[in-house]
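> Fold the following for me, if possible:
(2 chains)
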Amino acid sequence: MKKYLSIFSITLQEVFTYRLNMVMWRVRQIFVFLIPFFIWRAVLGGGGDIYGYSFAAIMTYLFGTTILRSLVMGSRTIDLGWMINTGALTIPLMRPFNIFKFFFIRDLADKLFNLSFMFIELPLIYFVFHPPIFLQTNAFYLLCAMSSILCAIFIFFYINVIFGSLAFWTRDIWAPRFLLMVIMEFATGAMFPLDMLPEMWQKIMLLTPFPYLLYVPLKIYLGQNISLIPQFIWVIFLGLITKIIWQKGLSRYEAEGR
Amino acid sequence: MTYTILANNLSKIYSVQKKRPGLSGSLQDLFSPIHEQKQAVKNVSFVIDEGELVGFIGPNGAGKTTTLKMLSGLLYPSAGSVRVLGFDPWKRQYDFLRQISLVMGQKNQLWWDLPAIESFNLARDIYDIPSSVYKKMLNQLVEMLDIGDVLNVQVRKLSLGQRMKAELVAALIHSPKILFLDEPTIGLDVLMQQSMRSFLKEYNQNSTGSIVLTSHYMDDVKELCKRVIIIDQGGIIYDGLLSDVIAKFSQHKIIEVITSSGTTTHKVLRGKVAQKAAELLKDPSVIDINIKEVEIEDVIRQVFSNK
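Below you'll find the predicted structure:
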């Protein structure tokens, strides 16, 4: 246990050494909120609603995804593909610890870092823009939401490991990563609530793991959907796939760069 | 008797994509890449005992590093078997990983953005080293390597030599039973190379652990290793005492003749040395003669170029 705590702490120390990066990343996070905010204000600011969403409802949704985003999508595992390509993976591989736990702990450190900054940024956003906020008081929904977020964290972790592992087979990891980022930008529901889509498309989306990262946990928090089962299935399924791909990939690892 | 390392017919084949020449070749490669099987190591067998310091020598691309990677469990052998400390390295069990250490001269194991001491502290927790043992070991290594003044400096700001020393501290802090060193002196200046060698020598004398090192600097090997394994084109061409290499591969000795006008050298077959020396001594202008072995560098260069 102590070793994982130590990894947690050293990861945070590492983040803090890049002060400018740290600040810029936070600025980016604020923009990520501001861009859809201004778009939706242009569309709905004058009143009325679209697909059942008023401006207030949309703002609640956006505010929610902004928080969830830093919790679910904060990650250091994004480096995995690079580590495989450059041979940097060699170092954690030669240490007596579980490599998945190593990456997961580093993710958690990143999330904690994000979360602590959110406490400064969110009040700021709140006082400037006054988005209406819905605070869930139902303990059951809150519990479900927490489980759902935990599942989302695992799903995102597995997706990252799987995409990173592509590097065992090919050098070309940037294009797949960008593709993934673009898909995630809308398929997770970060830009707009997925129930704005035609029913057919919603159903198709829900067959992929992406909506379970932001959209579904938020819906569960809002008490509009309380089925955790599809998420559980994705966690187990992706967990298994990840293990298989990892084992297969590792036997191809060449520890390059000498 | 249990051996520290037991390698039996180890082989490793890499699949390498071959690029056709030119732009049109690159386009063709897009649609039908050619893959080539490259045998990096073939049927390598050897045994290493506890406490031994063995040097793998050979030219670049001979398969030294590949062999080392198979021994440490990084690479999956294409054929053959290997046991290290009784473990199958590839399985990377914690009990195995806790007892070995791998240092690669061109790979940084320390946390780049943080002072070296943070990496050492992390190693303490990862390897579960009791505090008192850790302190003692750290002090000892830091003193031997003389890097006490840079422990709190960001690793990225260290010179290559300082960094390599810090790498060694990180690698040895858990007192591994085997230290794998891949080109430990590469890129270092002559003085720093010397201090690395002195450290390794001293460390090896004071510890029971084995050291397996690869190098293409003969000076490393000459000073550190009694036993060498010479590897070329993936195969072992010599495994034995360094002192026997010359006798085995060179049929010649060198006779140096010193006269008042200068020094001349003669390369003479071993069996004819006495006869030739007597002959040379007949010349009244000769002041002195020396009979020497051929330099080991020359022998090994000759061995590799004949292949």
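> domains of chain B?
With domains defined by the TED database, chain B comprises B:3-13+B:46-247, B:252-305.
> looking at the ones you listed, which has the lowest confidence?
Mean pLDDT values for the domains of chain B show the minimum at domain B:252-305, a mean of 84.
> hang on, the earlier thing: quick one: the domains of chain B as TSV, columns for distance to chain A and mean neighbour count too.
Heads up, the C-betas are built off the backbone N, CA and C, glycines and all. As requested, the domains of chain B are arranged in TSV below (distance: least, C-beta to the nearest C-beta, whole Å; neighbours: other C-beta atoms under 10 Å in any protein chain shown):
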stretch	distance to chain A	mean neighbour count
domain B:3-13+B:46-247	4	19
domain B:252-305	20	14
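> Please report the distance of the spatially most central residue of chain A from chain B.
In chain A, the C-alpha nearest the mean C-alpha coordinate belongs to A:Met73, at 2.0 Å (C-alpha atoms, centre = their mean). Distance from A:Met73 to chain B, counting by C-beta to the nearest C-beta, to the nearest Å: 23 Å.
> residues touching that residue, list them.
Shown in contact with A:Met73 (C-beta atoms under 8 Å, 6 or more residues apart in numbering or on different chains): A:156, A:213.
> Would you indicate which residues of the longest helix seen in chain A are buried?
Counting by DSSP state H, the longest helix found in chain A is helix A:99-129. Neighbour-count burial for helix A:99-129 flags A:99-100, A:102-114, A:117-118, A:121-122, A:125 (criterion: 16 or more other C-beta atoms under 10 Å in any protein chain shown).
> With adjacent residues omitted, what lies nearest to residue 180?
I'll assume chain A. Closest residue in space to A:Leu180, ignoring its immediate chain neighbours: A:Phe163 at 5.7 Å, by C-beta to C-beta, 6 or more residues apart in numbering or on different chains.
> The intended chain is chain B.
Excluding its sequence neighbours, the residue lying closest to B:Phe180 (C-beta to C-beta, 6+ apart) is B:Leu102, at 4.5 Å.
> that's a helix at the one you found, yeah?
No. Counting by DSSP: H, G, I helix; E, B strand; the rest coil, B:Leu102 is not part of a helix but strand.
> any idea how far it is from B:Val212?
For B:Leu102, the distance to B:Val212 equals 10 Å [C-beta to C-beta, to the nearest Å].
> which neighbours do these two share?
Shared contacts of B:Leu102 and B:Val212 (C-beta under 8 Å, 6+ apart): B:68, B:180.
> what sits up against stretch B:55-68?
Under the contact criterion C-beta under 8 Å, 6+ apart, stretch B:55-68 has outside partners A:258, B:7, B:10, B:12, B:40-41, B:44, B:75, B:102, B:104, B:180, B:182-183, B:212-216, B:218, B:220-221, B:224-225, B:227-235, B:242, B:300, B:304.
> Helix or strand: which one has A:Ile153?
Using DSSP states H and E, A:Ile153 sits within helix A:139-165.
> Once you drop chain neighbours, what's closest to A:Leu214?
Nearest non-adjacent residue to A:Leu214 (C-beta to C-beta, 6+ apart): A:Thr188, at 4.3 Å.
> no wait, A:Leu206
In this structure, A:Leu206 finds its nearest non-sequential neighbour in A:Pro230, 7.2 Å apart by C-beta to C-beta, 6+ apart.
> mind listing what A:Phe168 touches?
Contacts here follow C-beta under 8 Å, 6+ apart; on that basis A:Phe168 touches A:84, A:248-250, A:252-253.
> Count the residues that sit near the nearest residue to A:Gly48 once chain neighbours are set aside.
Closest residue in space to A:Gly48, ignoring its immediate chain neighbours: A:Ser54 at 7.6 Å, by C-beta to C-beta, 6+ apart. When neighbours are defined as other C-beta atoms under 10 Å in any protein chain shown, A:Ser54 has 14 of them.
> Quick check: A:Ser54 touching A:Leu44?
Yes. Here A:Ser54 reaches A:Leu44: they are 6.8 Å apart, a contact under C-beta atoms under 8 Å.
> Which helix or which strand is home to residue 247?
This is for chain A. Element membership of A:Gln247 [criterion: DSSP H and E] is helix A:229-250.
> Chain B is the one I meant
Here B:Ala247 is covered by helix B:242-249, with elements defined by DSSP H and E.
> So which elements touch that helix?
Secondary structure elements in contact with helix B:242-249, counted by 3 or more C-beta pairs under 8 Å, 6 or more residues apart in numbering or on different chains; DSSP states H and E, are strand B:227-232, strand B:235-241, helix B:296-306.
> Work out the gap between that helix and the centre of the chain.
Relative to the mean C-alpha coordinate of its chain, helix B:242-249 is positioned 18 Å out (C-alpha atoms, centre = their mean, to the nearest Å).
> ditto for stretch B:129-146
On the basis of C-alpha atoms, centre = their mean, stretch B:129-146 sits 25 Å off its chain's mean C-alpha point.
> Now tell me what touches that stretch from outside.
The contact list for stretch B:129-146 (C-beta under 8 Å, 6+ apart) reads B:120, B:123-124, B:148, B:151, B:165, B:168-169, B:172-175, B:195, B:199, B:202-203.
> I figured A:Phe113 was touching A:Gln13, is that so?
No. If you go by C-beta under 8 Å, A:Phe113 and A:Gln13 don't touch, sitting 10.8 Å apart.
> in chain A, what spans have low per-residue confidence?
A:257-258 (pLDDT under 70).
> for chain B, what are the nearby residues on it?
Taking C-beta under 8 Å from any C-beta of the partner chain as the contact definition, chain A meets chain B at A:2-3, A:5-7, A:10, A:13-14, A:17-18, A:87-88, A:90-91, A:93-97, A:250-251, A:253-255, A:257-258.
> I'd like to know which of those are buried.
Neighbour-count burial (16+ other C-beta under 10 Å) is assigned, among the residues of chain A next to chain B, to A:3, A:6-7, A:10, A:14, A:87-88, A:90-91, A:93-97, A:250, A:253-255.
> In helices, which of those appear?
Judged by DSSP H, the subset of those located in helices is A:3, A:6-7, A:10, A:14, A:90-91, A:93, A:250.
> Name the nearest of those residues relative to A:Trp169.
Minimum distance to A:Trp169 across those is 11.7 Å, recorded for A:Leu250 (C-beta to C-beta).
> Can you tell me how far the closest residue to the closest one other than its chain neighbours is from A:Gln247?
Distance criterion C-beta to C-beta, 6+ apart; nearest residue to A:Leu250, sequence neighbours excluded, is A:Phe168 at 7.2 Å. A:Phe168 sits 10 Å away from A:Gln247, going by C-beta to C-beta.
> What residues does residue 208 make contact with?
In the absence of a named chain, this looks at chain A. Applying C-beta under 8 Å, 6+ apart, one finds that A:Thr208 lies in contact with A:Ala187.
> wait, chain B
B:Thr208 makes contact with B:50-51, B:177, according to C-beta under 8 Å, 6+ apart.
> between the helix or strand B:Ile13 falls within and strand B:235-241, how big is the angle?
B:Ile13 belongs to strand B:5-18 when assigned by DSSP H and E. Note on geometry: by axes from the mean of the first three to the mean of the last three C-alpha atoms, to 10 degrees, strand B:5-18 and strand B:235-241 are set 150 degrees apart in direction.
> Mind giving me the packing neighbours of strand B:5-18?
Against strand B:5-18 (3+ C-beta pairs under 8 Å, 6+ apart) you get strand B:34-48, helix B:64-72, strand B:79-84.
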